[in-house]
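Student: A structural model of the following input is requested.
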Amino acid sequence: MSRSKAPIAIALAAGGGLGYYFYRAGGSPRAAEKDFESDARRLASRLKGEAEQKRQSVDIEEKSGRISSDVTSKIEGAVSTVNKELSKTAQEAENLAKQARADALKKIDEFDRKVEEGAAKGKSWFSSWFGGK
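Tutor: Down below sits the predicted model:
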């Protein structure tokens, strides 16, 4: 059976870390301990800051998602309202165009009738000069 090499790797890493701090402290165990504690506090503070940033970014993402859905629903509502108003306005414009066309045709018919009446009077007047009825 093969044995796991993880315990050996962990022991080597721990030994290397101790050696690093002793080397930096010049062999003084007290100074090595203070350096280690300082580095540990700095690392903990950085991890805490990163965790806070992640939490804030998650909060921001949630808020932006809610805002996005609110804005989307408001835009969809506005678009549907505009579409309704547009179709209503188009219908009204069509009705006005039909009415204007009918009024124009009515005026043209009246004008034609007046012209025909005038032409008939003129024809009868002109005919009366030359012996017509």
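Student: chain center to stretch 71-84: distance?
Tutor: Mean-position distance between stretch 71-84 and its chain equals 12 Å (C-alpha atoms, centre = their mean, to the nearest Å).
Student: repeat for stretch 8-20
Tutor: 54 Å.
Student: what do you get for stretch 32-51?
Tutor: 43 Å.
Student: same check, this time on stretch 18-33
Tutor: Averaging C-alpha positions (C-alpha atoms, centre = their mean) puts stretch 18-33 58 Å from its chain's average.
Student: Please save the CA atoms from that stretch in PDB.
Tutor: Provided in PDB are the C-alpha atoms of stretch 18-33 (Å, rounded to 0.1, in the frame of the first residue of the first chain):
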ATOM      1  CA  LEU A  18       9.800  28.400  10.800                       C
ATOM      2  CA  GLY A  19      13.200  28.500   9.100                       C
ATOM      3  CA  TYR A  20      12.300  31.600   7.200                       C
ATOM      4  CA  TYR A  21      11.100  33.500  10.300                       C
ATOM      5  CA  PHE A  22      14.200  32.400  12.300                       C
ATOM      6  CA  TYR A  23      16.500  33.500   9.400                       C
ATOM      7  CA  ARG A  24      14.800  37.000   9.100                       C
ATOM      8  CA  ALA A  25      15.000  37.400  12.900                       C
ATOM      9  CA  GLY A  26      18.600  36.600  13.000                       C
ATOM     10  CA  GLY A  27      18.000  33.400  15.000                       C
ATOM     11  CA  SER A  28      16.100  35.100  17.800                       C
ATOM     12  CA  PRO A  29      13.000  33.100  18.700                       C
ATOM     13  CA  ARG A  30      11.200  36.200  20.300                       C
ATOM     14  CA  ALA A  31      11.800  38.300  17.200                       C
ATOM     15  CA  ALA A  32      10.700  35.500  14.900                       C
ATOM     16  CA  GLU A  33       7.500  35.100  16.900                       C
END
